[in-house]
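In: Prediction below, plus the sequence it came from.
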Amino acid sequence: MALITYREALRQALTEEMERDPNVFLLGEEIGRYQGTFRVTEGLLQRFGGMRVVDTPISESGIAGMAIGAAMIGLRPVAEFMTFSFALIAIDQIVNHAAKILYMFGGQIRVPLVFRGPAGGGAQLSAQHSHSLESWYAHIPGLKVVTPATPADAKGMLKTAIRDDNPVIFMEHAKLYSTRGEVPDGEYTIPFGSADVKRKGQDVTIITYSQPVLMALHAADKLAETEGIECEVIDLRSLQPLDMDTILASVRKTHRAVVVHEDHRNAGFGAEIAARIQEFAFDDLDAPVLRVAGADVPIPYARNLERAAFPSEEDIIRAVKRVLV
Amino acid sequence: MRAEAPVKKALPKSLTPQRLVELYRKMLLIRHFEEQCSPAYRQGKMGGYMHVYIGQEAVATGFIAHMRDDDYMICSYRDHGHALARGTDPRPVMAELFGRYTGVSKGKGGSMHLVDVQRGFLGGYGIVGGMVPLAVGVGYGIRYRGTDQVCLCFFGDGAMNIGPVHEALNMAAVYKVPVVFICENNRYAMATPIEFASAVPNLAERARQYGMPTKQIGGMDLLEVYQEAEEIIHHVRHTPEPFFVEVLTYRFEGHGIADNPTNQALYRTKEEVEYWRQRDPIVSTARFLIENGIASESELLEWDSIAKQQALEAVAFADASPEPPLEELYRDVYTDMEVQEWR
């Protein structure tokens, strides 16, 4: 096991997959000569050359479309969005093309590609640069959506994403890039649709993904220390496919659930999880499923307002106590 | 206007009389195929939108004639002619329009989403201009592998006013991909004339600044299209760099099935339609075949009736084909994953 950053874990996955499969290539803004805005692709242009590490103009539709076209004839592009906020410019390519091509041509054309990049906010980037919007992608049949929270998951799941024959939305989080974690030595992959119980507990189930996983783990530790409440923290890791079995098994044990995500609360992914819990485990519930999520406002700039717009450890602690009342 | 150029009097060197007859008969097949579509639509055998290519047949036929077996093509939703010109069996094409399981996309795509992977036809797409960026990726893939394939990308004049097309044209030139961008200018984006929608209505002129060769050609004369397409595709295959060609053409019918003559009167005159019908590529090619002693009147009649017969057979095949089984609803969403039925 090596202790590396989330960013290094992603870079290892890209490097290993590019070495393993000559069809894998990268494209995106500033990923080559500039080494990547978040330095994920640092050194890769020097290592693999300009044909496989393609600097693009600021043309998100063009980038997405180019990735799709190349994938349709058998390459395995990994397209980087500088942030997922900019993926909105490419949404027609992602939704109307990448997600639909397999189905509308009767299963005859595969689109094996990865759209990756940071989502989320928290760096005072304000309204247009702080989107998460994973629920948009999870809403679209044909897309897989993954949201790893740790370096080990990031590496193993990016390798899985690159080998997947379907379009994969691979959402990182800008606040995770410099976090460190143990990553297994040697070759490994992590399958999609397998949630990870990151902390065991019997009192309340906290269901979350991406950066809020770290927040939920802190909150759970605090609750254990100060209140003796033992939370089970489930990191979904992938939203589509979604591992309902792990969620339901935990809820059947704890009888209480809190869903946590950074994305807006209204019609966010938490609503889907809460709905499914009540559909399949209604009789096991001792309290309503609560959602801790981003405020339903455009993300503001001012530090205090931005902090108030995103869920906090305190919000999670409060919600856990409420479901225990 | 280039489209009015007189019918050429001599065969291009590379075009044998036999090959010309073959292409003429392809155009006949496309025409008869689509003439069967409207009645079938009215009988409720098809649904959705249905956009016919009648009047534009020389464009797809003249360009696709130069494709090698291993080349690629991609196009818009007005795609019946392209599939048939590429040699796709008309029966599964018609079955697709009927929403039948024997259709080219198993009945899951319909008129706008024909495909023929074996022939490098990467599909028809319903979002105006949406597939133009895809063509850049196909071209990039060709360069990546270092082959001398090309990709033909067909789209309409309407597509010239949507952003992703311009991103794609720029990127195509930046990466020097072997793609021929074929802008079929039929003068109307639905009902909006090109002069209303583009401050520079000469689209080849407009594309020139992207750093690739461009050309405007007439699209009503098969021989002209054939000859120009040959040079352009040869250039792109051997340079390689992309090429933008604006082809002046005209659709004799409405934009789609709902754009009936009453609606069409809101944006174009009968006289204008008649003017272009006088330049029908099938009629002019027939005249050329006769005048040059390549075919007799009786041969023309025979080919016409064979093409009509093929179209009728396609309808009969589609009619007799089963609908997709209901399990198909949940198939092909992912390559490797079942979609859960929640009912």
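Out: Structure received. Residues are numbered from 1 along each chain as shown, chains lettered A, B, ... in the order given.

In: Strands of the stretch 101-250 of chain B, start to end?
Out: With DSSP state E, counting those that start in this stretch applied, the stretch 101-250 of chain B shows strands at B:121-125, B:151-156, B:179-185, B:188-189, B:192-193, B:214-218, B:243-248, listed in chain order.

In: Which of these sits closest to chain A?
Out: Comparing the strands of the stretch 101-250 of chain B against chain A with Cβ to the nearest Cβ, the closest turns out to be strand B:121-125 (5.6 Å). Just so you know, the C-beta spots here come from the backbone N, C-alpha and C atoms, and that holds for glycine as well.

In: Return that closest one as CSV; C-alpha atoms alone will do.
Out: Output of strand B:121-125 as CSV, limited to C-alpha atoms (Å, rounded to 0.1, in the frame of the first residue of the first chain):
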residue,chain,number,x,y,z
PHE,B,121,-22.6,4.1,-42.2
LEU,B,122,-22.5,5.4,-38.6
GLY,B,123,-26.0,6.6,-38.6
GLY,B,124,-28.6,9.3,-39.1
TYR,B,125,-29.0,11.9,-36.3
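
In: Need the strands of the stretch 101-250 of chain B in a markdown table (columns: mean neighbour count and mean pLDDT).
Out: Output for these, formatted as a markdown table (neighbours: other Cβ atoms under 10 Å in any protein chain shown; pLDDT from 0 to 100):
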| stretch | mean neighbour count | mean pLDDT |
| --- | --- | --- |
| strand B:121-125 | 27 | 98 |
| strand B:151-156 | 28 | 98 |
| strand B:179-185 | 27 | 98 |
| strand B:188-189 | 22 | 94 |
| strand B:192-193 | 15 | 94 |
| strand B:214-218 | 20 | 98 |
| strand B:243-248 | 26 | 98 |
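
In: how close does B:Asp221 sit to B:Phe288?
Out: To B:Phe288, B:Asp221 is 9 Å away according to Cβ to Cβ, to the nearest Å.

In: returning to that earlier point: can I get the strands of the stretch 101-250 of chain B in CSV including distance to A:Gly117?
Out: Output for the strands of the stretch 101-250 of chain B, formatted as CSV (distance: least, Cβ to Cβ, whole Å):
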stretch, distance to A:Gly117
strand B:121-125, 25
strand B:151-156, 27
strand B:179-185, 27
strand B:188-189, 34
strand B:192-193, 37
strand B:214-218, 34
strand B:243-248, 31
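
In: Show me the beta-bridge partners of the residue nearest to A:Thr150 when sequence neighbours are not counted.
Out: Spatial nearest neighbour of A:Thr150, chain neighbours left out: A:Gly181 (4.6 Å); criterion: Cβ to Cβ, 6 or more residues apart in numbering or on different chains. Beta bridges link A:Gly181 to A:Ile4 when assigned by DSSP bridges.

In: chain center to stretch A:246-265, what's the gap?
Out: Relative to the centre of its chain, stretch A:246-265 is centred 17 Å away, using Cα atoms, centre = their mean, to the nearest Å.

In: got the CA positions of that stretch in PDB?
Out: Extracted in PDB, the C-alpha atoms of stretch A:246-265 (Å, rounded to 0.1, in the frame of the first residue of the first chain):
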ATOM      1  CA  THR A 246     -26.200  -2.500   0.500                       C
ATOM      2  CA  ILE A 247     -28.500   0.500   1.300                       C
ATOM      3  CA  LEU A 248     -31.500  -1.700   2.100                       C
ATOM      4  CA  ALA A 249     -29.400  -4.100   4.200                       C
ATOM      5  CA  SER A 250     -28.100  -1.200   6.300                       C
ATOM      6  CA  VAL A 251     -31.500   0.500   6.700                       C
ATOM      7  CA  ARG A 252     -33.000  -2.900   7.800                       C
ATOM      8  CA  LYS A 253     -30.400  -2.900  10.500                       C
ATOM      9  CA  THR A 254     -30.500   0.700  11.600                       C
ATOM     10  CA  HIS A 255     -34.100   1.600  10.700                       C
ATOM     11  CA  ARG A 256     -33.000   5.200  10.100                       C
ATOM     12  CA  ALA A 257     -31.400   6.900   7.100                       C
ATOM     13  CA  VAL A 258     -29.900  10.300   6.200                       C
ATOM     14  CA  VAL A 259     -28.800  11.000   2.600                       C
ATOM     15  CA  VAL A 260     -26.000  13.500   2.200                       C
ATOM     16  CA  HIS A 261     -24.900  15.200  -1.000                       C
ATOM     17  CA  GLU A 262     -23.500  18.600  -2.100                       C
ATOM     18  CA  ASP A 263     -25.800  19.000  -5.100                       C
ATOM     19  CA  HIS A 264     -29.100  20.900  -4.700                       C
ATOM     20  CA  ARG A 265     -31.700  19.300  -2.600                       C
END
